[in-house]
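1. Pasting the sequence and the predicted coordinates here, then a few questions.
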Amino acid sequence: MGQARPYAAAMASPFVLRRTTARALLLDPEGRSLLIRSSDPVDRRKPPWWELPGGGIEGRERSEDTARRELAEETGITEVEIGPCVWTQRVRFTFAGMRFDQFEHIHVAWTASTPDLGPRRLEALEAMAFEGHRWWHADDLATSDDQVFPARIRDVLGDVVAGRLPAAPIDITPDADR
């Protein structure tokens with residue numbers, strides 16, 4: 001086992017973390033979607049953004065199980081019905097000085113109530129990045145100037161909220177990442 005590299009050296013590394021993730025488009029009884037407000041704990045020059053709860057698939061975990069686990073970890077919500085994967089995307093980004101290249105499965109999910117929210121078991125960087133939650137009506141999200149991820153959520157959210165689920169997942173990869 002080699003010596004651990006200093007944090008600064010790791011940040012300058014050309015290493016790219018390639019991973020597969022799952023996210024949840026969680027809808028409440030009013031048709032609002034839950035987004036998490038985050039910021040980059042290493043680069044405070046980046047403006048904060050809103051994103052769907054989610055994270056990396058572990059081992060042989062199914063994407064719907066990852067979406068369920070991540071919802072519990074990031075929001076505390078455990079009473080949820082996980083539906084089909086409605087969107088996929090490939091995204092490349094930098095977070096906390098690390099470069100990511102990831103393929104995402106985005107599942108629709110429903111909760112029967114709007115429970116109190118509170119993250120549980122966040123990793124250190126997640127805890128530093130976490131700024132809060134918000135339930136969004138599709139119309140409010142469409143008129144907001146806030147940065148959101150997935151970047152194309154405003155284009156595709158209305159159909160899912162209206163119950164028009166695609167027969168197969170729709171690729172919503174941003175043009176820059178295609």
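-> That came through fine. Everything quoted here is computed from the prediction, not taken from an experiment.

2. Count the neighbours of Q147 for me.
-> 12 (other CB atoms under 10 Å). Where C-beta positions appear, they are placed from N, C-alpha and C, glycine not excepted.

3. ranges for the helices of this structure?
-> Applying DSSP state H to the chain gives helices spanning 7-11, 63-75, 124-129, 138-143, 153-161.

4. and the residue nearest the centre of the chain, what is it in contact with?
-> For the chain, the residue nearest the mean C-alpha position is L52 (3.5 Å; CA atoms, centre = their mean). Counting by CB atoms under 8 Å, 6 or more residues apart in numbering, L52 touches 23-26, 33-36, 106, 149-150, 153.

5. Turn these into CSV, columns for pLDDT, neighbour count and distance to G83.
-> Formatted as CSV, those follow (pLDDT from 0 to 100; neighbours: other CB atoms under 10 Å; distance: CB to CB, whole Å):
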residue, pLDDT, neighbour count, distance to G83
R23, 98, 25, 13
A24, 98, 30, 9
L25, 98, 25, 9
L26, 97, 24, 10
S33, 96, 23, 13
L34, 96, 24, 14
L35, 96, 23, 18
I36, 93, 22, 19
I106, 98, 26, 11
F149, 96, 20, 20
P150, 97, 22, 17
I153, 97, 24, 16
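
6. Check these against V160 and report the nearest one.
-> Distance to V160, by CB to CB, is smallest for L25 among those, at 6.3 Å.

7. where do the strands sit along the chain?
-> 16-27, 33-38, 49-51, 54-56, 81-95, 98-110, 130-136, 148-149, 170-171 (DSSP state E).

8. CSV please, covering the ones you listed and showing distance to G158.
-> What follows is the strands of the chain, written out as CSV (distance: least, CB to CB, whole Å):
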stretch, distance to G158
strand 16-27, 12
strand 33-38, 11
strand 49-51, 17
strand 54-56, 21
strand 81-95, 12
strand 98-110, 13
strand 130-136, 12
strand 148-149, 14
strand 170-171, 13
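
9. These: which one's closest to R68?
-> Closest to R68 of these is strand 81-95 (CB to CB; 5.3 Å).

10. for the protein, where's the lowest mean pLDDT among helices and strands?
-> One helix or strand of the chain scores below all others by mean pLDDT, DSSP states H and E: helix 7-11, with a mean of 41.

11. Pass me the low-pLDDT residue ranges in the chain, would you?
-> Scanning the chain for pLDDT under 70 picks out 1-13, 115-128.

12. sorry, back to before: could you say which of the helices of the chain is packed most deeply?
-> Mean neighbours per residue, mean count of other CB atoms under 10 Å, is largest over those for helix 63-75, with a mean of 21.

13. How far does that helix sit from its chain's centre?
-> 10 Å (CA atoms, centre = their mean, to the nearest Å).

14. For that helix, name the packing helices and strands.
-> strand 16-27, strand 33-38, strand 54-56, strand 81-95, strand 98-110 (3 or more CB pairs under 8 Å, 6 or more residues apart in numbering; DSSP states H and E).
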